[in-house]
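> What follows is a predicted structure for the sequence shown.
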Amino acid sequence: MTFSDRDLIKIGRLFNGRDGEHDTAEIAEIIGCDEEDIYNALNAARDAYRKYNRWHREHQQSVRNRVGARR
């Protein structure tokens, strides 16, 4: 199942954010889909976040190395 950005934000808020008291079954009931879809969406979001963080660390290190080489 594909979620809109608005749905993903709502899922994130229900799971982690200001309303972070819900589990995947409750979120599925609120959104109106299967629990498996919520679980998969959360896993995909975590994977994307980890990839972004990895890229960001590598990018920052590259910038630091270039600046250090100029000195």
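Nice, I can see it.
> Give the rounded mean pLDDT of stretch 43-55.
Throughout stretch 43-55, pLDDT has a mean value of 88.
> quick one: the strands in this structure?
Shown for the chain, no strands are assigned by DSSP state E.
> So which residue is dead centre in it?
A45 (3.2 Å; Cα atoms, centre = their mean).
> What separation do you get for the closest residue to N40 other than its chain neighbours and R57?
Sequence neighbours aside, M1 is the residue nearest to N40 in space, at 7.7 Å (criterion: Cβ to Cβ, 6 or more residues apart in numbering). Every residue, glycine included, has its C-beta placed from N, CA and C. As for M1, its distance to R57 is 31 Å (criterion: Cβ to Cβ, to the nearest Å).
> Got the confidence number for the residue nearest to N40?
According to the prediction, M1 has pLDDT 75.
> let's have the chain start at 31 instead
Understood, numbering begins at 31; the last thing we discussed is M31.
> what's the spacing between it and G62?
Taken as Cβ to Cβ, the span from M31 to G62 is 11 Å.
> Next: K40.
11 Å.
> quick one: which of these two has more around it?
K40 (17 against 7; other Cβ atoms under 10 Å).
> if I look at that one, how far off is E56?
The separation that K40 has from E56, given Cβ to Cβ, amounts to 13 Å.
> So what's the model's average confidence on stretch 52-70?
Mean predicted lDDT for stretch 52-70 stands at 88.
> Restrict that stretch to CA atoms and write it as PDB.
Provided in PDB are the C-alpha atoms of stretch 52-70 (Å, rounded to 0.1, in the frame of the first residue of the first chain):
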ATOM      1  CA  HIS A  52      -0.300   4.100  19.700                       C
ATOM      2  CA  ASP A  53       0.900   0.700  18.400                       C
ATOM      3  CA  THR A  54       0.700  -0.400  14.800                       C
ATOM      4  CA  ALA A  55      -2.600  -2.100  15.200                       C
ATOM      5  CA  GLU A  56      -4.200   1.000  16.700                       C
ATOM      6  CA  ILE A  57      -2.700   3.200  13.900                       C
ATOM      7  CA  ALA A  58      -4.000   0.800  11.300                       C
ATOM      8  CA  GLU A  59      -7.500   1.100  12.800                       C
ATOM      9  CA  ILE A  60      -7.200   4.900  12.800                       C
ATOM     10  CA  ILE A  61      -5.900   5.200   9.300                       C
ATOM     11  CA  GLY A  62      -8.200   2.400   8.000                       C
ATOM     12  CA  CYS A  63      -5.700  -0.100   6.600                       C
ATOM     13  CA  ASP A  64      -4.000  -3.400   7.600                       C
ATOM     14  CA  GLU A  65      -1.500  -3.500  10.400                       C
ATOM     15  CA  GLU A  66       1.100  -5.000   8.000                       C
ATOM     16  CA  ASP A  67       0.800  -1.900   5.800                       C
ATOM     17  CA  ILE A  68       1.600   0.400   8.800                       C
ATOM     18  CA  TYR A  69       4.500  -1.900   9.800                       C
ATOM     19  CA  ASN A  70       6.000  -1.800   6.300                       C
END
